[in-house]
Each structure stands twice: as C-alpha cells, then as structure tokens.
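Asker: Sequence unavailable; structure follows:
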C-alpha cells in the first residue's frame, strides 16, 4: 500500500548521508518545541528573526568547512580568517577608504589565504591539519598587526550603508544577513550538486587515487574547496565588522570548531566524499537554537558546550548504527576505502 | 639637494650640541624611566603625561619614556636593559605579562634600580604597584546602573552580564564587583554569557537578553560593551547599558545615548603618583600602600 512512499523513502535514503540529515532535522524540531514550551518568547517574531540572523554566520562558515571536509581535508584557519577580514576591512574603513574598496581588498586577502591553504595541502602534500594550523596562526597574527595590536576605532558614519547592507538592514521583512547566507548557500549547493566541480569534490573526497586516475585535477579541486572556505570567511568577517561597527582582533575565535560541529552534526563525514549541504543548514541551526534557547532558560554557557558535544557524538553515532543495519556491503567498502586512504597517507609521509 | 644637506648638517649639529650638553650635565638629577607596553595606545600616552606633570612639579628628575613600537615581550625586556645601561635610578614599568620581564627586572634590581609597577605588575617584588582595582571598578559600574534604574522607577527586574571568558582575571574581578552591588536587591542577575571579547558575538547575546526582557546590561571589557551598546541601539528600547573602557566606539555609543556610562581607568594618575612614589623611594622614604588603587572615572554623556 505504501509502495510509492516507500520508494520515495528509499530513494531519499539512497542518497549518502540523508539518513543522518533526517534524524537531526527531527532533533532540531524537537529542540525548538522544547525551548518554545519552556519559554513562550522563543517563538516571538523578534526572537525568530534574531535567531535566523544569529544562525547565518555559523551556516556560512559551516558551508566553507563542509566543502573542505567533502574533499577529505579540514580547514582550521576559518576563525582566524574571519578575524583577519574583520580587522582588515575595519582598519581600511577607519583610514577613510570607501567601503566597497575595503570589501574588495579584504576579499583578495582572504582568497590569498585560501589559495595558500590549497597549495600547502594539495601541492606540497602537507597534512591539512598542519597546513591550516599554520595559516590559522598567521591569519590571527595579521588580524593583530592590522591596527598595531589594537581593536580599531569606529568605522564611522560613512560606513552606515555598509553596516546596513551586511547586518542591520532588512529586505522583504528579513534581515540582510539572512538573505546573504541564503544566496551563498543556494550558489554553493548548486555548485556541489549540479556542476562538474561538485562531482570532482565528491570524487576526490571518496577516493583520491581513483579520482586522479580518472583525470580529476586533485590540486585544482582542493584549491577550489579552500577558496570557497576562505571566501565565506571573508563574508562572515565583513558581517562581524558591520555588526560591531569596529574591528575586533578576537573576532571569530574558535569558529573553525563551530564550523566542524555544524557540518558533522549535519552529516558531513570528516573522512570526505559524503555529506549534503542541506545537513549543514540543520547543523548550524542546532548550534544557533541551542545558544539562543539555553540563554533564555538561563543555563550556564558550559551547558551549551556539553550539549553540543553530546549532539556531535550522538548524531554521528546514530548514523553509524542506522548504517550498520543497512547491509554490510557499504560498510565494508567504506572500511576498505578508509584503509586505502590511511595507507596512502602513510606512504606520502 | 643643497637644502637637504643643509637640513642634515643642521640637525647633526643640534643633536651633537644636545648630546654634549647631556654629557656635561652631571647634576644630582635622578634618572627615572617609564617603560610601557607600547607607544601607540592613548592609555600609555596618558601615563606619560602624568609622569611629565609630576616631573615638572618635583624637579630634579631626568625623565625618559621608553616603549616598544608594538606590544612584544622581547622588545620590552630590551627596554628594561637599555634603561639599566642608561644609568636608571628608578623604573616605572607596565609589565607585559606576569613572567615575561621578571629576569630582566631581577638584573635591574641587582644593579640598584628601584622598580615601581604602573597599570600591571609582574610576579616580582617591587616598591609599589599603582593600578586599577578591577573589583572596585566593577562595583562602581554596578552602583551607576542601580542609581539609573531607581531614577527610572524600575525597582526590580533581570540584568544580563556579558564577559570575555571565565579565565581573564581582570574582567572576572569586574563582574564580581558588579554582582556584589545587586546582592540582596530585587534585581536578579542572569547567567553570565561569554563572548571571547568579540563585539559581534556580544551583540547577539545582548539581543537575546533584550528579547528576554532584561532591564540592564553590563559589558566587562571593550568588545562586550560595544556589543551591549549596538544591541540597545538596534532594539531602541530603554535598557540601561553600562560597560568598561574608553574607546572611540564606546564614546560615540555614550554620546548617542545608547550606553549610560563606561568605566575608564586613570592612566594619568598612575603616572603622576608613580613618579612621586619613585622620588620618595629614591630619597630613602617608605611608600605605602604597597598596592594603590588609582580608581576609575565614570564617562557619561556630555
């Protein structure tokens, strides 16, 4: 009787990573309901629009981290690049530069970090953990040097338009930040699911050797993934500047880990080749809802950290269990892939 | 070209003359050095101003301000060594960190130099420390908020606190002092939120507090305070915001009326009183107290 629905379900579940996305979506809904019951103000229109705007930056860095995780690498420089972009853009604007010019220069600086990351990992064959750890400290250093180790002054009334465009303004009743995140998500999702670059990213992440043999440019694909990551960091950095109206050296501290959490909760595998960008939306939302909801309830911030940790572990664990019942073929092939990947790594070293 | 040469020769002559004079001027003047974390920040410029004021009042002091161009432990150590080599009798120093300069200071005291801390001390005994008592400063902030709430006719409600993290001693002390003021009142202070000093994160947390219906918000450092001010500005309702530090952004938020006030340290007092203590020590007098609170100024809308 449920043939049609069953096939739809099956078709959905056939997409790698969809199982976990569905599980965490249910989790997110439950979380919202619980917070809504505990505090009626949670669903007030003001809180919902604030909440969506708080989720947007986490979603953006989550997109960046997801791209890099999909090729089987990691980007630890995310938080520092956010801080660097915040400081560079704010410093330029306090020095009287036109906001548009400041945005362009900031984007160029961010992309330079992305290219460096990509080259270090793909071309110099550095483990991404080490390579991006290096750029992480370098970018934070640049953030500190930008204004001689001080937060900048106010970016001033000349930058009012900039602040409204990235943060305070509204379009069609929704904050601009939300629109920016939505548009970037749509573009990134399109690239990932509908273009050759997207297929190459999945190919490199699933089996780097097979991808290379079938003619995929591993260096090129890795570069692209890291550049997407640094570009979204630039946008988040600009949003941060717009929010504060000044440059903060500490902006973006530990964002790279929030980004990993958003991606992993959403079902993006840290081993590469598996995951959906829709999952990252759910992962980022869970993060944002927890921060917002727990603050309302009056729980200490330590509780948020503990809950996030548990959710990261449980969501991945659930997926593993679900997968375990889904026939062992997949699991074994995945194990083989993994072993191959690790052996490859060892050889490279 | 000729002009450039002229200018060069002239400056050389003048500096040579100055140098010669410096050499011959072997009076009984005491040499006192001020060493700060850097030269950029207005904070240190004001410490220097305080020192200069004391120097002109007291007289008989050869005073020099030394500082690295940017905050850097090694460069500060170099400054200490230079001061000792330059024949310092006393050094007023704002230590970069608790341990970074201690060995350099040890060498300096061995050479007979008296050490006085201004703004921040290192883990090494000195004649006196002149700094801001952060807990007392936090209480001042709390009292300001309490008075403003009472004046507005708000006799109860919840108050949100945004701090940097749980491990920065100075801001934790400020929060402790702030909370003390509200003990036993009808106001409840909510669970502290930590923003890592990121003004944008603080803004989000403050917005959540405002949605929750707080009557007051407290920011424990510059980033936290800017976030509080921005959130109050956006929400447009009359939550009372109180914070710390005197940055350009905070001043503009106060002037526009979104923040009630901010606590600013008194660097000039540190320099002025520090210099006076240095002279006392050099004359062989005792200075007390060992720790002098230079207090905070409450910055309000003009």
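Answerer: Looks like it came in fine. As the structure is a prediction and not an experimental result, all values here were calculated from the model. Residues are numbered from 1 along each chain as shown, chains lettered A, B, ... in the order given.
Asker: Minimum distance to chain B, which residue of the stretch 201-349 of chain A gives it?
Answerer: Closest approach between the stretch 201-349 of chain A and chain B, counting by Cβ to the nearest Cβ: residue A:244, at 3.5 Å. C-beta coordinates here come from the backbone N, C-alpha and C atoms, glycine included.
Asker: ok, now which ones touch that residue?
Answerer: Residue A:244 sits next to A:86, A:251, B:199, B:200, B:203, B:223, B:226, B:227, B:230, B:249 when contact means Cβ atoms under 8 Å, 6 or more residues apart in numbering or on different chains.
Asker: In helices, which of those residues appear?
Answerer: For the contacts of residue A:244, the ones inside helices are A:86, B:199, B:200, B:203, B:223, B:226, B:227, B:230, B:249, with DSSP state H as the criterion.
Asker: Could you single out the nearest of the residues you listed to residue A:175?
Answerer: Taking Cβ to Cβ as the measure, residue A:175 lies nearest residue B:203 of these, at 12.6 Å.
Asker: From residue A:129, how far off is the closest one?
Answerer: 32 Å (Cβ to Cβ, to the nearest Å).
Asker: go on, residue B:66?
Answerer: Distance, residue B:66 to residue A:129, by Cβ to Cβ: 42 Å.
Asker: And residue A:183, by the same measure?
Answerer: Separation of residue A:183 from residue A:129 (Cβ to Cβ): 31 Å.
Asker: still on that earlier bit, residue B:66 and residue A:129: who's more crowded?
Answerer: Between residue B:66 and residue A:129, counted using other Cβ atoms under 10 Å in any protein chain shown, the more crowded position is residue B:66 (20 against 12).
Asker: Need the nearest residue in space to that one, chain neighbours excluded.
Answerer: In this structure, residue B:66 finds its nearest non-sequential neighbour in residue B:79, 4.4 Å apart by Cβ to Cβ, 6 or more residues apart in numbering or on different chains.
Asker: What parts of chain A come near chain B?
Answerer: Applying Cβ under 8 Å from any Cβ of the partner chain, we find that chain A lies next to chain B at A:41, A:44, A:46-47, A:50, A:54, A:57, A:86, A:145, A:148-151, A:153-154, A:168, A:239-240, A:243-246, A:248-254, A:291-292, A:295-296, A:298-301.
Asker: count of neighbours near residue 91?
Answerer: Just so you know, I chose chain A. The burial count assigned to residue A:91 is 25, neighbours taken as other Cβ under 10 Å.
Asker: Hmm, no, I was thinking of chain B.
Answerer: Neighbours around residue B:91, by other Cβ under 10 Å: 26.
Asker: In this structure it contacts residue B:31, no?
Answerer: No. Checked against Cβ atoms under 8 Å, the pair residue B:91 and residue B:31 is beyond contact range at 9.6 Å.
Asker: remind me which residues of the stretch 51-200 of chain A are low pLDDT?
Answerer: Under the criterion pLDDT under 70, no range of the stretch 51-200 of chain A is flagged.
Asker: Which residue does it have closest to chain B?
Answerer: Minimum separation of the stretch 51-200 of chain A from chain B (Cβ to the nearest Cβ) falls at residue A:153, amounting to 3.7 Å.
Asker: Now that residue. Nearest residue, chain neighbours left out?
Answerer: The nearest residue in space to residue A:153 (Cβ to Cβ, 6+ apart) is residue B:248, at 3.7 Å.
Asker: isn't that neighbour right next to residue A:156, touching?
Answerer: No. Between residue B:248 and residue A:156 there is no contact under Cβ under 8 Å: 9.0 Å.
Asker: which ones are touching residue 118?
Answerer: Going with chain A. Neighbouring residues of residue A:118 by Cβ under 8 Å, 6+ apart: A:219, A:222, A:223, A:224, A:225, A:226, A:227.
Asker: nope, chain B
Answerer: By Cβ under 8 Å, 6+ apart, the contact list for residue B:118 reads B:34, B:47, B:92, B:93, B:94, B:129, B:130, B:131, B:270, B:271, B:274.
Asker: Let's see that with 10 Å instead.
Answerer: If you count contacts by Cβ atoms under 10 Å, 6 or more residues apart in numbering or on different chains, residue B:118 has them with B:34-36, B:44, B:47, B:50-51, B:92-95, B:128-131, B:267, B:269-275, B:277-278, B:292, B:294.
Asker: Which residue is the nearest non-sequential neighbour of residue A:147?
Answerer: residue A:91 (4.9 Å).
Asker: wait, that neighbour sits on residue A:144?
Answerer: No. Contact status for residue A:91 versus residue A:144: not in contact, 11.3 Å apart, counting by Cβ atoms under 10 Å.
Asker: what is in contact with the two at once?
Answerer: residue A:150.
Asker: which parts of stretch A:124-142 are buried?
Answerer: For stretch A:124-142, the neighbour count (16 or more other Cβ atoms under 10 Å in any protein chain shown) marks A:126, A:128, A:131, A:132, A:133, A:135, A:136, A:138, A:139, A:140, A:142 as buried.
Asker: Now render those as JSON lines, adding secondary structure.
Answerer: Listed next are these as JSON lines, based on DSSP: H, G, I helix; E, B strand; the rest coil:
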{"residue": "A:126", "secondary structure": "coil"}
{"residue": "A:128", "secondary structure": "helix"}
{"residue": "A:131", "secondary structure": "helix"}
{"residue": "A:132", "secondary structure": "helix"}
{"residue": "A:133", "secondary structure": "helix"}
{"residue": "A:135", "secondary structure": "helix"}
{"residue": "A:136", "secondary structure": "helix"}
{"residue": "A:138", "secondary structure": "helix"}
{"residue": "A:139", "secondary structure": "helix"}
{"residue": "A:140", "secondary structure": "helix"}
{"residue": "A:142", "secondary structure": "helix"}
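Asker: Could you dump these into TSV with distance to residue B:124 added?
Answerer: Below are these laid out as TSV (distance: Cβ to Cβ, whole Å):
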residue	distance to residue B:124
A:126	42
A:128	43
A:131	40
A:132	39
A:133	34
A:135	37
A:136	34
A:138	33
A:139	35
A:140	29
A:142	33
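Asker: quick one on the thing from earlier: check which helix or strand covers the residue nearest to residue B:66.
Answerer: Using DSSP states H and E, residue B:79 falls within helix B:73-85.
Asker: Outside of that helix itself, which residues are in contact with it?
Answerer: Residues outside helix B:73-85 that contact it (Cβ under 10 Å, 6+ apart) are B:31-38, B:64-69, B:72, B:88, B:90-91, B:93-97, B:99-105, B:107-113, B:115.
Asker: Please pick the buried ones from these.
Answerer: By neighbour count, with 16+ other Cβ under 10 Å, those hold B:31-38, B:65-68, B:88, B:90-91, B:93-96, B:100-101, B:104-105, B:108-109, B:113, B:115 as buried.
Asker: What count of nearby residues applies to whichever residue of the stretch 201-302 of chain B sits closest to chain A?
Answerer: Nearest residue of the stretch 201-302 of chain B to chain A (Cβ to the nearest Cβ) works out as residue B:248 at 3.7 Å. Neighbours of residue B:248 under the rule other Cβ under 10 Å: 16.
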